[in-house]
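A.B. asks: coords please:
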Amino acid sequence: MSAFPLGVNTWVWVSPLRDDDLASLVPRVAAWGFDVIELPVERPGDWDPHKAAALLAEHGLKASVVLVMPPGRELVAATAEVVEETQDYLRHCVDVAAAVGSPVIGGPAYASVGRTWRMSNDERRAIYTELRNNLEPVVDYAGERGVAIAVEPLNRYETSLLNTVEQALEALPGGCGLALDVYHMNIEEKDPARAVRAAAGRIAHVQVCGTDRGTPGADRFDWPAFTQALDEAGYAGPLVIESFTAHNQTIATAASIWRPLAPSQDSLAVDGLAFLRSL
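C.D. replies: Residues are numbered from 1 along each chain as shown. Modelled structure (predicted):
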């Protein structure tokens, strides 16, 4: 099995990300031995991608970029104005990714997180067609800049649109990749390793955490089977720890983090890194 680069999302500590947060986190993350730091773009202008690129180069870190879909960012079942604004936001994320050298932008690029509604089979097929039509221009824009779009299925409580790899493969345009997240897969996939194999050739990004959103490895998830399936599927990108701090009211509420998930946020990252290296 190949060794995957390992990363951590700044959401483990802060939200929204700012330039001074990056100046503090990047040296620590690099010193712990991570290969990648994951940078959320919650709002355009929160942090300067050119400053970030210089800081990452100084400390020998690679970047991955994640998009954020709060209420009001929609690619389906919305007005043309809202769809266009969402496409513009996604293009901005692509530009940020290109500036910091991230090969992907990852996240639920279809509907706002927490938006759920019932659909008949015919309605679902129509929504999937709309999603393809509205996502394709962004996929093309990203491809011209050497960036992949990695669309993330979420669990049933956060979306009713894409919960599984099977649904994502049906819904997404051919040039679009998938972002796989262990937290959501553990809820929605009957066999996460089998789902990984089904996505072979389409996996563009992978996020990991414990099944309780805490430290990878401090749980009952079958990590050897999962990482072996990723290897067999030909995935060679990073495994990025994505968790959230309970100390930030906004992000804790958005991610339903009602208690600390590790002795400290630093230990969540460091212990998770040690476990993933041990695989």
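A.B. asks: what is the neighbour count of Glu166?
C.D. replies: Neighbourhood size, Glu166 [other Cβ atoms under 10 Å]: 15. The way it works is simple: take the backbone N, C-alpha and C, and place the C-beta from them, glycine included.
A.B. asks: that one should be in a strand, yeah?
C.D. replies: No - assessed with DSSP: H, G, I helix; E, B strand; the rest coil, Glu166 is helix; it does not lie in a strand.
A.B. asks: quick one, what contacts the spatially closest residue to it that is not a sequence neighbour?
C.D. replies: Nearest residue to Glu166, sequence neighbours excluded (Cβ to Cβ, 6 or more residues apart in numbering): Ala198, at 6.8 Å. Neighbouring residues of Ala198 by Cβ atoms under 8 Å, 6 or more residues apart in numbering: 165-166, 169.
A.B. asks: got these as JSON lines, with distance to Gln265 columns?
C.D. replies: Putting the contacts of Ala198 into JSON lines (distance: Cβ to Cβ, whole Å) gives the following:
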{"residue": "Val165", "distance to Gln265": "30"}
{"residue": "Glu166", "distance to Gln265": "34"}
{"residue": "Leu169", "distance to Gln265": "35"}
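A.B. asks: tell me the one of these nearest Thr79?
C.D. replies: Taking Cβ to Cβ as the measure, Thr79 lies nearest Leu169 of the contacts of Ala198, at 28.1 Å.
A.B. asks: list the contacts of that closest one.
C.D. replies: 178, 198-199, 202.
A.B. asks: just the ones of those residues in strands?
C.D. replies: The strands, defined by DSSP state E, take in Leu178 from those.
A.B. asks: can you map out the strands along this protein?
C.D. replies: 6-9, 36-41, 62-67, 104-107, 148-151, 177-181, 203-208, 239-241.
A.B. asks: and the last one, what other elements does it pack with?
C.D. replies: Judged by 3 or more Cβ pairs under 8 Å, 6 or more residues apart in numbering; DSSP states H and E, strand 239-241 is in contact with strand 6-9, strand 203-208, helix 265-278.
A.B. asks: which pLDDT value goes with Gly175?
C.D. replies: Per-residue confidence (pLDDT) for Gly175: 93.
A.B. asks: hmm, it is touching Pro137, no?
C.D. replies: No - Gly175 lies out of contact with Pro137 (Cβ atoms under 8 Å); the separation is 11.3 Å.
A.B. asks: picking that back up, Asp122: which of the strands of the chain is closest?
C.D. replies: Closest among those, using Cβ to Cβ: strand 148-151, at 22.3 Å.
A.B. asks: in its sheet, which strands sit next to the closest one, and in what direction?
C.D. replies: strand 104-107 (parallel), strand 177-181 (parallel) (DSSP bridges).
A.B. asks: just give the number of residues close to the closest residue to Leu56 other than its chain neighbours.
C.D. replies: Excluding the flanking residues, the one nearest Leu56 by Cβ to Cβ, 6+ apart is Ala63, at 5.7 Å. Counted with other Cβ under 10 Å, residues neighbouring Ala63 total 22.
A.B. asks: so who does Ala63 touch?
C.D. replies: By Cβ under 8 Å, 6+ apart, the residues touching Ala63 are 36-39, 52-53, 56, 97, 100-102.
A.B. asks: and if we set it to 6 Å?
C.D. replies: Contacts of Ala63 were listed using Cβ atoms under 6 Å, 6 or more residues apart in numbering, and they are 39, 56, 100-102.
A.B. asks: what do you get for Ala225?
C.D. replies: Ala193.
A.B. asks: need the pLDDT of it.
C.D. replies: pLDDT recorded at Ala225 is 98.
A.B. asks: from Pro192, how far out is it?
C.D. replies: Distance of Ala225 to Pro192, computed by Cβ to Cβ, to the nearest Å: 8 Å.
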